[in-house]
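1. compute the structure for the input listed below.
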Amino acid sequence: MFVHKLEDQVSRKTYIDWFILSFLAGSINTGGFLASHRFVSHVTGYATLAGISLEQMDWYGFIMTLIIPIAFMVGVMFSAYLTEKQFAHYRHGQKYAPVMQIVAFLLLVVALGGLFGFFGEFGTNTDLKNDYLLSAILCMACGLQNGAITMSSGATVRTTHLTGLTTDLGLGLVRAEITAKNSEQKQKERRSNKLRMGTVASFTAGAIVGAFAFINFKFAGFLLPASIALYFSYVARTTQSE
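-> This next block holds a predicted model:
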């Protein structure tokens, strides 16, 4: 799963692992939206909302809205520190295990905090402070995961949001089917496009399954992505070779 590049010829299991990570991110985004009516890893949207809040002289909304994408960046930076500094001596993909453990921990904090009423009633906006905190924690978890996958894949794979990926897919389809200069280039682009399409589909599937889980189990639904993150921390820790 870890330490592969999008253009490489990788095993079917690696593709499946990447898709499950996208599934995880899709479920987190659904849970965050249903819980607080805010998307989680949509940094562009939060920048837009911050601008609107500033125009309306809503200083509290402006500051709190900016905190959420900052939390995403902090998650990415912490992921980089752990994998490039703290655990850089670990073999192969093992250095990514602590990152996924922290992702699982943050999701468990949300699940248990919600179950004990810390974030208020699921799906209401009666306490904006707790809603912003909830979104920030989830955004940090996404930043940690996205940072790990981005670094391990040489900045060729991202699993927590789809804007750049959809752009790459559109470009890749043209390159593969229209402008490819030879069969090798065509096959390389087609292989990359399969991963991109699979990632989009997996993210969407995670959102769909997450919707059922969160509507029925509310905050306990975060135990689903937390379990997936724990599984991948185990996969990374027990990796012997790539």
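2. got a list of contacts for stretch 56-75?
-> With C-beta atoms under 8 Å, 6 or more residues apart in numbering as the test, stretch 56-75 has contacts from 38, 41, 43, 46-47, 49-50, 53-54, 128-129, 132, 135-137, 139-147. Placement of C-beta: from N, CA and C, glycine included.
3. okay, buried residues for it please.
-> 61-62, 64-72, 74-75 (16 or more other C-beta atoms under 10 Å).
4. pretty sure Gly147 sits against Glu84.
-> No. Between Gly147 and Glu84 there is no contact under C-beta atoms under 8 Å: 9.9 Å.
5. which one's more surrounded, those two?
-> For Gly147 and Glu84, the more surrounded residue by other C-beta atoms under 10 Å is Gly147, and the numbers stand at 26 against 12.
6. contact partners for the nearest residue to that one once chain neighbours are set aside?
-> In space, and not counting its chain neighbours, Gly147 is closest to Ser79: 3.2 Å by C-beta to C-beta, 6 or more residues apart in numbering. Ser79 makes contacts with 99, 143-148, 151, as judged by C-beta under 8 Å, 6+ apart.
7. where is pLDDT lowest across those residues?
-> Among the contacts of Ser79, Met151 has the lowest pLDDT, at 75.
8. measure that one to Leu144 for me?
-> Met151 is 11 Å from Leu144, where distance means C-beta to C-beta, to the nearest Å.
9. kindly list the longest helix within this protein.
-> The helix spanning the most residues in the chain, taking DSSP state H as the definition, is helix 183-217.
10. same list (the contacts of Ser79) but as CSV, adding secondary structure and distance to Ala220.
-> Rendered in CSV, the data for these read as follows (DSSP: H, G, I helix; E, B strand; the rest coil; distance: C-beta to C-beta, whole Å):
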residue, secondary structure, distance to Ala220
Val99, helix, 24
Gly143, helix, 24
Leu144, helix, 22
Gln145, helix, 21
Asn146, helix, 25
Gly147, helix, 27
Ala148, helix, 26
Met151, helix, 32
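11. what's the closest of the residues you listed to Gly210?
-> Taking C-beta to C-beta as the measure, Gln145 is the one of the contacts of Ser79 closest to Gly210, at 15.1 Å.
12. residues in contact with the closest one?
-> The neighbours of Gln145, taking C-beta under 8 Å, 6+ apart as the test, are 21, 24-25, 75, 79, 99-100, 103, 159-160, 229.
13. that older thread, so which other helices or strands are in contact with the longest helix of the chain?
-> Packed against helix 183-217 by the contact rule (3 or more C-beta pairs under 8 Å, 6 or more residues apart in numbering; DSSP states H and E) you find helix 12-36, helix 163-174, helix 223-237.
14. between these, which gets nearest to Leu107?
-> Judged by C-beta to C-beta, the one of those that comes nearest to Leu107 is helix 223-237, at 3.7 Å.
15. same question for the closest one, mean pLDDT?
-> Helix 223-237 shows an average pLDDT of 90 in the prediction.
16. quick check, nearest of the contacts of Ser79 to Val209?
-> With C-beta to C-beta as the yardstick, the closest approach to Val209 among those comes from Gln145, at 17.5 Å.
17. do you know how far that closest one is from Gln86?
-> From Gln145 over to Gln86 the distance is 17 Å, taken as C-beta to C-beta.
18. I figured Gly210 hits Leu224, correct?
-> Yes. Taking C-beta under 8 Å as the definition, Gly210 is a contact partner of Leu224 at 7.1 Å.
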